[in-house]
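Novice: Could you work out the structure for the sequence below:
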Amino acid sequence: MTSFGVAIAAGATAALALGSNQHPVQAVGAPPAKPSTAENTLPALSPTVPPVRAVLPPVPTPRAVKPATTQPDPARWSNQQLASILVMTGAKMGDATAIEHAAEEGVAGVVLFGPSSPNLAATTSKARAIAPRGNPALIASDEEGGQVQRLGSLIYPLPSAEVMGHWNPARITQAAHDYALRMRALGVGMDLAPDTDIAIPGYFIAAEHRSFSNDPRQVAIDVDAWNDGVRAAGVLGVVKHWPGHGQANDTHVGGSTVPSWSVLQRRDLIPFTVAFAHHADAVMVGHLQVPGLTEGSLPASESPTALRTLRAQAGASVLIMTDDLSMAAASTTLGITPAQAAVRSLVAGADVAMACWAPVDQVISAVTQAIDNGQLPRNKAVASARRVLTLKTHLAAPH
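Specialist: Predicted coordinates:
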């Protein structure tokens with residue numbers, strides 16, 4: 001894992017180094033599938049590129065975060081402390097009580113939802129102050145741009161990824177950096193972006209304008225450019241939704257089966273492979289059933305085979321987190337609760353189970369019980385806790 005102090009121009013430099021015409025052929029290893037079938041045919045998109053923003057709002061001074069003198073040793077923690085740091089919850093920005101309670105419990109993080117709150121910076125500051133020493137909650141938000149942007153009214157609107165996909169990499173990096181500086185000033189240190197899926201017309205991601213391109217190589221370049229920008233500003237980016245949500249339905253409302261693993265390997269996996277080679281720090285796993293990869297009705301977020309495969313691809317240090325296990329595809333369509341889904345995902349190999357709309361105390365209790373009874377091996381929980389703490393230490397460092 002690399003330092004967050006990456007030069008802003010690194011996105012453009014890395015993209016050009018990947019190959020001519022901004023195609024990272026050498027970084028991938030295997031060529032993509034030829035568009036010979038319906039599931040591989042990706043028609044061109046034609047969004048309008050807006051003019052460059054001439055004047056940005058002033059950047060507030062980011063609040064200083066004093067790092068712990070030493071990183072805590074989770075091997076010495078109780079099972080409940082271990083369980084807490086493996087859980088990510090959600091809260092409305094104005095619900096200071098919920099945010100502060102989660103932080104005090106020592107959770108991995110809190111995902112913010114609207115409506116926006118003018119008191120957000122004060123809330124996140126207090127949450128850091130009351131968290132266990134050396135274990136502040138990662139305050140996270142979906143800041144992709146376009147329709148997926150929680151902090152837009154507090155910062156400013158961003159174009160959609162589809163629009164930004166027509167910019168050059170340096171411009172994407174600069175836009176990400178400028179926006180992330182303002183995120184950090186609000187106390188938000190994790191961006192649940194960039195969306196690393198490819199755009200396939202007729203499916204959820206393309207309909208929401210959330211993908212940079214229908215070309216997996218171009219998505220790879222733009223994802224790296226975005227990550228370079230937020231990292232230079234001291235914010236953690238998360239590539240999502242592995243192994244590729246481009247040809248999936250909306251998993252908020254039901255399960256979804258994507259094309260076979262062999263298809264994903266030569267198409268949807270390309271941007272993720274490049275992102276991992278470019279030292280992405282965290283990856284989010286989607287609730288996707290993949291023929292040839294996942295077992296039975298299990299989505300990738302709860303599949304031992306899928307998560308073992310992801311760990312081998314991403315490397316030992318990358319943080320693996322699930323998408324929200326409160327979504328139907330991860331829990332209700334499988335006949336289980338989000339708390340049960342959290343246990344299942346952690347046992348399968350995720351480091352962090354995100355359950356935004358389940359009571360956080362219930363989720364922590366379920367994970368604690370799983371460690372107590374050996375369902376979730378304690379050594380596995382400790383290894384995941386160390387990955388979480390490493391990222392928290394990076395975010396606490398000055399930038």
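Novice: tell me the contacts of the residue most central in space within the chain?
Specialist: What sits nearest the mean C-alpha location of the chain, by C-alpha atoms, centre = their mean, is residue 238, with 3.0 Å. Residues counted as contacts of residue 238 (C-beta atoms under 8 Å, 6 or more residues apart in numbering) are 140, 190-193, 281-284, 321. In short, each C-beta sits where N, CA and C put it, glycine included.
Novice: gap between it and residue 307?
Specialist: Counting by C-beta to C-beta, to the nearest Å, the gap between residue 238 and residue 307 amounts to 16 Å.
Novice: Can you point out the buried residues in stretch 92-112?
Specialist: 93-96, 98-112 (16 or more other C-beta atoms under 10 Å).
Novice: Low-confidence stretches in the stretch 251-399 of the chain?
Specialist: Low-confidence segments of the stretch 251-399 of the chain, defined by pLDDT under 70: 398-399.
Novice: can you give me the strands in it?
Specialist: For the stretch 251-399 of the chain, the strands identified by DSSP state E, counting those that start in this stretch occupy 282-285, 319-322, 353-354, in order along the chain.
Novice: just so I know, which of those strands lies nearest residue 76?
Specialist: When those are ranked by distance to residue 76, counting by C-beta to C-beta, first place goes to strand 319-322 at 21.2 Å.
Novice: what comes into contact with the closest one?
Specialist: Counting contacts by C-beta under 8 Å, 6+ apart, the residues touching strand 319-322 from outside are 88, 108, 238, 281-285, 287, 301-302, 307, 310-311, 314, 330, 342, 345, 349-354, 387-388, 391.
Novice: follow-up on the earlier one: mean neighbour count, the strands of the stretch 251-399 of the chain: which tops it?
Specialist: Across these, averaging neighbours per residue (mean count of other C-beta atoms under 10 Å) puts strand 353-354 on top, at a mean of 32.
Novice: re earlier: the buried residues of stretch 92-112 in strands, which ones?
Specialist: If you go by DSSP state E, the buried residues of stretch 92-112 have 109-112 in strands.
Novice: Turn these into CSV, columns for distance to residue 207.
Specialist: Supplementary listing: those in CSV, determined by distance: C-beta to C-beta, whole Å:
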residue, distance to residue 207
109, 28
110, 29
111, 23
112, 24
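Novice: with those residues in mind, which one is nearest to residue 177?
Specialist: The nearest one, if we look at these relative to residue 177 and count by C-beta to C-beta, is residue 112, at 20.4 Å.
Novice: What count of nearby residues applies to the closest residue to the closest one other than its chain neighbours?
Specialist: Once its chain neighbours are removed from consideration, residue 112 has its nearest residue in residue 141; the separation is 4.5 Å (C-beta to C-beta, 6 or more residues apart in numbering). For residue 141, the tally of surrounding residues (other C-beta atoms under 10 Å) stands at 26.
Novice: Identify the bridge partners of residue 141.
Specialist: In this structure, residue 141 has the following beta-bridge partners (DSSP bridges): residue 191.
Novice: okay, it: pLDDT?
Specialist: According to the model's per-residue confidence, residue 141 sits at a pLDDT of 98.
Novice: Then residue 227?
Specialist: Looking at residue 227, its pLDDT reads 98.
Novice: distance between the host helix or strand of it and the chain's centre?
Specialist: Assignment of secondary structure by DSSP states H and E places residue 227 within helix 216-232. From the chain centre to the centre of helix 216-232 is a distance of 13 Å (C-alpha atoms, centre = their mean, to the nearest Å).
Novice: any idea which helix or strand comes after that helix?
Specialist: Trace forward from helix 216-232 with DSSP H and E and the next one is strand 236-237.
Novice: Residue 197 against residue 209, yeah?
Specialist: No - in this structure, residue 197 sits apart from residue 209 without contact. The criterion is C-beta atoms under 8 Å, and the distance is 11.8 Å.
Novice: Can you pick out the residue with more neighbours from the two?
Specialist: Shown here are residue 197 and residue 209; by other C-beta under 10 Å, residue 197 has more neighbours (31 against 21).
Novice: for the residue nearest to residue 127 when sequence neighbours are not counted, what are its contacts?
Specialist: Nearest non-adjacent residue to residue 127, counting by C-beta to C-beta, 6+ apart: residue 103, 3.8 Å away. Neighbour list for residue 103: 110, 127-128, 130-131, 136-137 [criterion: C-beta under 8 Å, 6+ apart].
Novice: Any of the residues you listed buried? List them.
Specialist: Burial by neighbour count, judged by 16+ other C-beta under 10 Å, picks out 110, 127-128, 131, 136-137 from the contacts of residue 103.
Novice: so what does the helix holding residue 227 touch, helix or strand wise?
Specialist: The contact analysis (3 or more C-beta pairs under 8 Å, 6 or more residues apart in numbering; DSSP states H and E) places helix 216-232 against helix 10-17, helix 25-28, helix 169-185, strand 236-237, helix 269-277.
Novice: Which stretches in the stretch 201-350 of the chain count as helices?
Specialist: Along the stretch 201-350 of the chain, counting by DSSP state H, counting those that start in this stretch, helices occupy 204-207, 216-232, 261-265, 269-277, 304-314, 338-348.
Novice: so for the first one, what's the average pLDDT?
Specialist: Spelled out, that is helix 204-207. Helix 204-207 comes out at a mean pLDDT of 98.
Novice: ok so, going back, which ones among the buried residues of stretch 92-112 map onto helices?
Specialist: Per DSSP state H, helices hold the following members of these: 96, 98-105.
Novice: Buried residues of stretch 142-150, list them for me.
Specialist: Under 16+ other C-beta under 10 Å, the buried positions of stretch 142-150 are 142-146, 148-150.
Novice: re the thing from before, quick check: the residue nearest to residue 112 vs residue 282, distance?
Specialist: Distance from residue 141 to residue 282, by C-beta to C-beta: 14 Å.
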